[in-house]
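In: Quick one, fold the following:
(one chain, ligands or ions: 2)
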Amino acid sequence: MTEILLQNGAKVTLLDVNTSAGKSLKEALDKQYGREKTLFLSCNVGSDEQIQAAFQKIIETFGGIDIVCNNAGILNESEWEKTVSINLLGVIRVTYLALEHMNKTNGGRGGVIVNTASLAGLGPLLSCPVYTATKHGVIGFTRAMAAASTASGYGVRFSALCPGFVQTNLCSNILDNLGQFSHLTDATQKYVDQGVIKVSEVAKCLLELVTDETKNGEALMVTTNIKKYITFPTFTQ
Ligand SMILES: NC(=O)C1=CN([C@@H]2O[C@H](COP(=O)(O)OP(=O)(O)OC[C@H]3O[C@@H](n4cnc5c(N)ncnc54)[C@H](O)[C@@H]3O)[C@@H](O)[C@H]2O)C=CC1
Ligand SMILES: CCCCCC(=O)CC\C=C/C=C/C=C/[C@@H](O)[C@@H](O)CCCC(=O)O
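Out: Numbering: from 1, shown residues only. Ligands and ions are numbered 1, 2, ... in the order given. This is a model prediction of the structure:
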């Protein structure tokens, strides 16, 4: 995701609780894109203070915040409260703190916030009900924020990215983290066996949500053979 943003002219700040991984990635990106194009800051999305400090440093370094990608996430059905704290509460926390800087009614210059949900945010994944709940929550929060932003004149677009299985560390460790639902490994594997998508495909979808200014309140589903904007039921007469 970082690379596609850099390739399209953005300067990118990487925020991650994993300091060693973040520093290593920064070193690699420096060689390819130049030291001035990226910044790495150690940051736990569970901490208001760390997020606020990071945003302050970003503004000092790059002058403002135009794009936020809430991508931090875990899957651990044993440590389910931590899963909620990071996957859902972290998205809400970062969004609200970013809005303080991006909101046009607050002196900001607007922008776009893309939240990484999941296919499990659109349908229940039986082996990880809490993960499923967090991702459903991310989609609901994102869509509500999009409507609130439009109605309030914030000038900030919000959309959710809903990938199927993607070849990453999280995907590699899934079956170890199903907790009381580990007996449903085979059922989960069934979905994995339907195909795993490349990170580059997800990144292209991110770029579309960032650059297409008509996209607000969207949930973009991407799997090995489907890419579609989800239509949700409406209840107003
Ligand atoms: N891998 C997959 O099959 C899919 C993943 N997703 C979502 O994509 C997002 C990225 O996950 P992956 O790249 O797959 O997993 P990953 O495990 O490779 O990356 C997750 C990143 O989040 C960071 N992180 C974890 N807790 C954090 C915290 N408290 N504060 C800051 N950073 C924290 C980790 O250090 C790691 O760098 C997650 O939200 C995940 O739920 C959605 C659909 C499919
Ligand atoms: C096991 C956790 C995976 C963590 C990474 C992901 O977020 C991957 C999500 C990938 C697939 C999710 C599939 C969800 C399927 C459900 O919607 C299922 O209920 C579909 C039922 C309807 C159907 O099969 O037609």
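
In: can you pull the contacts of the residue lying closest to residue 195 once chain neighbours are set aside?
Out: Spatial nearest neighbour of residue 195, excluding adjacent residues (Cβ to Cβ, 6 or more residues apart in numbering): residue 224 at 3.4 Å. All C-beta spots, glycine's among them, are computed from the backbone N, C-alpha and C. Residues near residue 224 by Cβ atoms under 8 Å, 6 or more residues apart in numbering: 164, 194-197.

In: make it 10 Å
Out: Contact analysis of residue 224 by Cβ atoms under 10 Å, 6 or more residues apart in numbering lists 164-165, 194-198, 201.

In: Among these, which one has the most neighbours?
Out: The most crowded member of the contacts of residue 224, judged by other Cβ atoms under 10 Å, is residue 164 (23 neighbours).

In: ok, the strand ranked longest in the chain: who's next to it in the sheet?
Out: In the chain, taking DSSP state E as the definition, the longest strand is strand 156-163. According to DSSP bridges, strand 156-163 forms sheet pairs with strand 111-116 (parallel), strand 219-222 (parallel).

In: How far off centre is the following helix or strand past it?
Out: Per DSSP states H and E, the first helix or strand lying C-terminal to strand 156-163 is helix 169-173. Relative to the chain's own centre, helix 169-173 is displaced by 16 Å; criterion: Cα atoms, centre = their mean, to the nearest Å.

In: swap in stretch 155-163?
Out: Taking mean C-alpha positions (Cα atoms, centre = their mean), stretch 155-163 and its chain are 9 Å apart.

In: is any part of it close to ligand 2?
Out: No. Using Cβ under 6 Å from any ligand atom, stretch 155-163 stays clear of ligand 2, coming no nearer than 6.8 Å.

In: Return the alpha-carbon coordinates of that stretch using PDB.
Out: Extracted in PDB, the C-alpha atoms of stretch 155-163 (Å, rounded to 0.1, in the frame of the first residue of the first chain):
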ATOM      1  CA  GLY A 155     -14.500  17.500   3.300                       C
ATOM      2  CA  VAL A 156     -13.200  14.000   4.200                       C
ATOM      3  CA  ARG A 157     -14.200  10.900   2.300                       C
ATOM      4  CA  PHE A 158     -14.500   7.500   4.000                       C
ATOM      5  CA  SER A 159     -14.400   4.100   2.400                       C
ATOM      6  CA  ALA A 160     -13.800   0.500   3.500                       C
ATOM      7  CA  LEU A 161     -11.600  -2.100   1.700                       C
ATOM      8  CA  CYS A 162     -12.800  -5.700   2.000                       C
ATOM      9  CA  PRO A 163     -10.300  -8.200   0.800                       C
END
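
In: Is it positioned near ligand 1?
Out: Yes. Counting by Cβ under 6 Å from any ligand atom, ligand 1 has neighbours in stretch 155-163: residue 163.
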